[in-house]
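J.: Using only what follows, build the 3D model:
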Amino acid sequence: MTTQTDTAGSVTAVYKVSGMSCGHCEGAVSGEISEIDGVSSVTAVASSGEVTVVSSAPLDVEDVRAAVDEAGFELVGKA
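T.: Numbers count the residues shown, from 1 in each chain. Next comes the predicted model:
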């Protein structure tokens with residue numbers, strides 16, 4: 001699990017998502033996760049399956065799972 005609190009008071013977490021294979025996949029996952037309250041930045045990388053999320057507070061993993069499911073992919077867990 002990778003979670004860290006940045007000096008500006010934000011929290012960075014990295015999640016593993018299965019099924020992403022292209023830029024469209026990255027955009028779908030990023031778009032859904034960015035709608036979670038408190039999220040300020042999302043970077044999805046299809047080649048590694050990693051999604052880096054910066055938020056104002058730690059996120060509920062079930063909220064992230066629901067967003068990833070809505071995008072049509074599967075949250076494996078935290079990286």
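
J.: In the chain, what residue spans correspond to strands?
T.: Secondary structure of the chain (DSSP state E): strands located at 2-5, 11-18, 39-45, 50-55, 74-78.

J.: Pick the most buried one from those.
T.: strand 50-55 (a mean of 20; mean count of other Cβ atoms under 10 Å). (Each C-beta comes from the backbone N, C-alpha and C, glycine too.)

J.: got the angle for that strand vs strand 11-18?
T.: Using axes from the mean of the first three to the mean of the last three Cα atoms, to 10 degrees, the interaxial angle of strand 50-55 with respect to strand 11-18 works out to 150 degrees.

J.: Excluding chain neighbours, what is closest to Ser34?
T.: Beyond its immediate neighbours in the sequence, the residue positioned closest to Ser34 (Cβ to Cβ, 6 or more residues apart in numbering) is Val42, lying 4.9 Å away.

J.: That should have said Glu26, apologies.
T.: The shortest distance from Glu26 to any residue other than its chain neighbours is 4.0 Å, reached at Ala44 (Cβ to Cβ, 6+ apart).

J.: Surely that neighbour touches Val51?
T.: Yes: Ala44 is in contact with Val51 according to Cβ atoms under 8 Å; the separation is 4.5 Å.

J.: Can you check which residues contact both of those two?
T.: Val17, Val29, Ser30, Ile33 (Cβ atoms under 8 Å, 6 or more residues apart in numbering).

J.: out of the residues you listed, which one sits closest to Ser56?
T.: When the shared contacts of Ala44 and Val51 are compared for distance to Ser56 (Cβ to Cβ), Ile33 wins out at 14.0 Å.

J.: What count of nearby residues applies to the closest one?
T.: Taking other Cβ atoms under 10 Å as the criterion, the count of residues near Ile33 is 26.

J.: quick one: Ser10 and Glu50, what's the gap?
T.: The spacing between Ser10 and Glu50, counted by Cβ to Cβ, to the nearest Å, is 18 Å.

J.: Not counting stretch 23-41 itself, show me its contacts.
T.: Looking at stretch 23-41 with Cβ under 8 Å, 6+ apart, the contacting residues turn out to be 10, 17, 19-20, 42-46, 51-57, 59, 63-64, 67-68, 70-73.
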